[in-house]
Each structure stands twice: as structure tokens, then as C-alpha cells.
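Asker: Mind folding the following:
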Amino acid sequence: MVGLILLAAGVFFGVMGILIYNKLVTSRNLVKNAFSQIDVQLKRRYDLIPNLVETAKGYLKHEKETLENVIRARNQAMGAISAVENNPTDGQAMRNLMGAEGQLGSALSRLLVVTEAYPELKGQAVMVQFMEELTSTENKISFARQAFNDSVLSFNNQRDVFPNNILAGFFGFSAATPFEITVPAEKEVVKVAFS
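Answerer: Numbering: from 1, shown residues only. As a prediction, the model looks like this:
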């Protein structure tokens, strides 16, 4: 009789362990999927930036450093995104990406401020088109970031509740880091006016 009770308890806890593990894996996969949506938009922005810089280059001859800073920041962000693509729940990789994205946001803001001083550049149809695409992409990044952060919250909640936290620690499910704005300048609204 005692053996039957122990067997039933063992089966119960085994099934519970499997269910908890599967929920954690499913939740982690939702985080990965949500990050892939950010990834698509970030890469779109990274593709737009060289075209934007190339268009502005002819007009901003005296602003070479600003243009170089934008390209340098873009390249750093592209490098940082690779580490997060492999594991979106890696907190250090996410912090590196947030820092690189903050630097890119700052460099783009400086570029936009500089372009305000060149009316002939603001009047270029190609420049206006790039700016509209960049604005649209920034909006998509914002929505994708929000969805990612919601997935991270759900995963972290799944991971942290009892008894999930015991199995999460045992199987190495570390807490995911939300994609937050870390550079104060990035929180400022950039005013783009081509009129």
C-alpha cells in the first residue's frame, strides 16, 4: 500500500515537472518569436541608414563627423543584435544591444538636427522619403518592443512562481531582460519637420 502511494506521488510530481518544463519552454519560445519581430524592424532601419547618410553626404560636407558617427553607431548596433538573435533571454546581450541602440538613436537625432540647417537637403524628395520610411520603421520598432517586453514579462512570471522557480533554476532558465530605453536622449521626442 505504501509503495503504491509513493508510486502515485512520484508519477504526480513527474507529470507536474514535465508540464512546468513545457510551459517554460513555450514561454521562452514566445520571447524568441517576439524578439524576431524587433529584429526584422531593426534590420530594416539598419538598411535605411546608409541610404539616408549617402543622400545627406553631398549637402553635409562640413558635417563629416556626424555622418561617420551615425554609420559607426549603426555598425555597433548590428554587431550587438547578433548576440541577442542567438538567445533573446541573455540579459547581458540585451543590455549591450540596448546601449548600442541608444547610441544609434543619439547619432540619428544629431543627424536630424544638423539636416534642419540645410533647407536644400530638406527639400530633396529622396531625403523626405527616407525620413518617412525611418519614422515608420521607428513606430514599428516601438510596437515590436512593446510586444517583446510583454512576452518577457510573461516568461519571467512563469519562471518566478513557485514551484516553477525550482525547475527553472535546475534547468537553467534565466530571467529575460526587457528591451528598455537606457539612454536619456533617446527618450526625447525628435522633431522632424520638412516644410
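
Asker: Quick one: the helices in this structure, in order.
Answerer: 2-57, 64-86, 91-115, 119-122, 125-160, 164-171, 184-187 (DSSP state H).

Asker: Dump those into TSV; add distance to T177 and mean neighbour count as well.
Answerer: C-beta: built from backbone N, CA, C; applies to glycine. Listed next are the helices of the chain as TSV, based on distance: least, CB to CB, whole Å; neighbours: other CB atoms under 10 Å:
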stretch	distance to T177	mean neighbour count
helix 2-57	10	15
helix 64-86	10	16
helix 91-115	4	19
helix 119-122	38	14
helix 125-160	7	17
helix 164-171	15	15
helix 184-187	17	12
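
Asker: Surely F173 is in contact with L24?
Answerer: Yes: between F173 and L24 there is a contact at 5.2 Å, judged by CB atoms under 8 Å.

Asker: need the contact list for E180.
Answerer: Neighbour list for E180: M98, N149 [criterion: CB atoms under 8 Å, 6 or more residues apart in numbering].

Asker: mind running it again at 7 Å?
Answerer: Contact analysis of E180 by CB atoms under 7 Å, 6 or more residues apart in numbering lists M98.

Asker: Next, give phi and psi for the closest residue to S174 other than its chain neighbours.
Answerer: Distances taken as CB to CB, 6 or more residues apart in numbering place T89 nearest to S174, at 6.2 Å, with adjacent residues excluded. Per-residue torsions, T89: phi -90, psi 0 (degrees, to the nearest 10).

Asker: What confidence value was assigned to T89?
Answerer: T89 is assigned a predicted lDDT (pLDDT) of 86.

Asker: quick one: it and Q124, what's the gap?
Answerer: 43 Å (CB to CB, to the nearest Å).

Asker: more neighbours, those two?
Answerer: T89 (21 against 18; other CB atoms under 10 Å).

Asker: coming back round to it: quick check: neighbours shared by F173 and L24?
Answerer: Contact with both F173 and L24 is made by residues R159, according to CB under 7 Å, 6+ apart.

Asker: what about this protein, any weak spots by pLDDT?
Answerer: For the chain, the stretches with pLDDT under 70 are 122-123, 182-195.

Asker: Give me the distance from stretch 92-111 to the chain's centre.
Answerer: Remark: stretch 92-111 is offset 10 Å from the chain centroid, using CA atoms, centre = their mean, to the nearest Å.

Asker: Just the CA atoms of it, as PDB, please.
Answerer: The C-alpha coordinates for stretch 92-111 follow below in PDB (Å, rounded to 0.1, in the frame of the first residue of the first chain):
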ATOM      1  CA  GLN A  92      24.000  40.900 -20.900                       C
ATOM      2  CA  ALA A  93      23.500  40.600 -24.700                       C
ATOM      3  CA  MET A  94      20.200  42.500 -24.400                       C
ATOM      4  CA  ARG A  95      21.900  45.200 -22.300                       C
ATOM      5  CA  ASN A  96      24.600  45.500 -24.900                       C
ATOM      6  CA  LEU A  97      22.000  45.900 -27.700                       C
ATOM      7  CA  MET A  98      20.100  48.500 -25.700                       C
ATOM      8  CA  GLY A  99      23.300  50.500 -25.200                       C
ATOM      9  CA  ALA A 100      24.200  50.200 -28.900                       C
ATOM     10  CA  GLU A 101      20.600  51.200 -29.900                       C
ATOM     11  CA  GLY A 102      20.800  54.100 -27.500                       C
ATOM     12  CA  GLN A 103      24.000  55.300 -29.200                       C
ATOM     13  CA  LEU A 104      22.400  54.900 -32.600                       C
ATOM     14  CA  GLY A 105      19.300  56.800 -31.600                       C
ATOM     15  CA  SER A 106      21.500  59.700 -30.300                       C
ATOM     16  CA  ALA A 107      23.600  59.700 -33.500                       C
ATOM     17  CA  LEU A 108      20.400  59.800 -35.600                       C
ATOM     18  CA  SER A 109      19.000  62.600 -33.500                       C
ATOM     19  CA  ARG A 110      22.100  64.700 -34.100                       C
ATOM     20  CA  LEU A 111      21.900  64.000 -37.800                       C
END
